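[1] Let's see this in three dimensions:
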Amino acid sequence: MTSHVNWTLLQLQAKMQSRINQCRGGERNVTTRQRERATERHAAIDRADPRPLHQQVYEDLLASIRDGKVPLRGKLPSERELVSLYGVSRITVRHAVRELIRQGVVRSQPGKGLYVAENGKGFELEVLRSFTSTALASGRAPGHRLLRLEMVKASLEISRPLFLAPASDVIVLSRLRLLDGVPVVLQTDWVPASRAPGLTGLDWSVANRSLYAELREIYGIEPRRGQTTLSARLASESEAEMLELPRPAAVLTVDQIAFDERDRPINMTALVHHPDRYPLTLLQSATGDFREY
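    Down below sits the predicted model:
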């Protein structure tokens, strides 16, 4: 077991040492106490441990975050400070930090630094709210990679829920959704082509393009109600690869249909969620007065 860094003490020590060095004109004499502090800084790293150094740094940072030593929205020490705290190279620190970002534990704010991501409460399950809106409301940067965009003849499992005749034209829009550049959800939407002519002609490579925003602004279509089915299963090889999950891995699946004010289906959506990076929260109240805890 590795010990965890006391961030408050170490930051105070760093400030005190900086002032001492300034007063001494940059003098770099190391006292016995300073050597003891250096040992404390490196206590989380065991060079006899068979685990790679970057993994030890990653696991210690993760433990410090989960134990509350670095709070939600709290700022992590800079790269230089982490190098000093752990007594490792910049490459080792960068490797550990990249893994924290990849796991969605921390996020980078350009020009400001690294901050603990506010993932503790999960993301509220709302069929009438787009992924883009949910991400922005949570202070996260939405994005996507376009996987598929085409018009096809709907199979019965698609045409029936959308109240369409068999083999009707539907638009298929499949994307890998990102939060702060990290893959979190595989999303596929089926939209009746008759309701959104020209939808395939839009530039879906734009990172923040929202399907619901386009339906509302271009076609005057607004979702008014919806239904959702939740389930779980093992991820396929391709799903695990795109969501960066180890094999075998479980995923949360969400199937949704949205309807307009006249109860006509707008779109059908199939989502495959990374269970750790994009957990879902369902709020319920007998009075309709919701409060998050």
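[2] Going by C-alpha atoms from here, please, whenever you check contacts or count neighbours.
    Fine.
[3] So which residues of the stretch 51-200 of the chain form helices?
    If DSSP state H, counting those that start in this stretch is used as the criterion, the helices of the stretch 51-200 of the chain fall at 53-66, 79-86, 90-102, 131-137, 156-159.
[4] mean pLDDT for the ones you listed: which is lowest?
    For the helices of the stretch 51-200 of the chain, mean pLDDT drops lowest on helix 131-137, to a mean of 72.
[5] Could you give me the buried positions within it?
    Going by neighbour count (16 or more other CA atoms under 10 Å), the buried part of helix 131-137 is F131, T132, T134, A135.
[6] helices or strands up against that helix?
    With contacts defined as 3 or more CA pairs under 8 Å, 6 or more residues apart in numbering; DSSP states H and E, helix 131-137 has these neighbours: strand 142-153.
[7] Export the strand it packs on to PDB, keeping only CA atoms.
    Output in PDB follows, covering the C-alpha atoms of strand 142-153 (Å, rounded to 0.1, in the frame of the first residue of the first chain):
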ATOM      1  CA  PRO A 142     -19.100  18.200 -25.600                       C
ATOM      2  CA  GLY A 143     -17.700  16.700 -28.800                       C
ATOM      3  CA  HIS A 144     -18.100  13.800 -31.100                       C
ATOM      4  CA  ARG A 145     -16.600  11.700 -33.900                       C
ATOM      5  CA  LEU A 146     -18.900  11.000 -36.800                       C
ATOM      6  CA  LEU A 147     -19.200   7.200 -37.400                       C
ATOM      7  CA  ARG A 148     -22.100   7.000 -39.800                       C
ATOM      8  CA  LEU A 149     -24.500   9.300 -41.700                       C
ATOM      9  CA  GLU A 150     -26.700   7.900 -44.400                       C
ATOM     10  CA  MET A 151     -30.300   7.300 -45.500                       C
ATOM     11  CA  VAL A 152     -31.500   3.700 -45.400                       C
ATOM     12  CA  LYS A 153     -34.700   1.700 -45.700                       C
END
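[8] strand partners of it, parallel vs antiparallel please.
    strand 169-179 (antiparallel) (DSSP bridges).
[9] any idea of the mean pLDDT for the strand it pairs with?
    Here the average pLDDT along strand 169-179 is 94.
[10] tell me how far that strand is from the chain's mean position?
    Centre-to-centre, strand 169-179 and its host chain are 18 Å apart (CA atoms, centre = their mean, to the nearest Å).
[11] contact partners of that strand?
    For strand 169-179, the external contacting residues (CA atoms under 8 Å, 6 or more residues apart in numbering) are 104, 135, 140-154, 183-194, 199-200, 242.
[12] Now a ChimeraX select for only the buried ones of the residues you listed.
    Listed next is the ChimeraX selection for buried residues among the contacts of strand 169-179, using 16+ other CA under 10 Å:
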select :104,135,140,141,142,143,144,145,146,149,151,154,183,184,185,186,187,188,189,190,191,192,193,199
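[13] and this structure, what are its domains?
    40-116, 123-273 (the TED database).
[14] in terms of contact, does G143 touch W204 like I think?
    No - using CA atoms under 8 Å as the test, G143 is too far from W204 to be in contact (10.8 Å).
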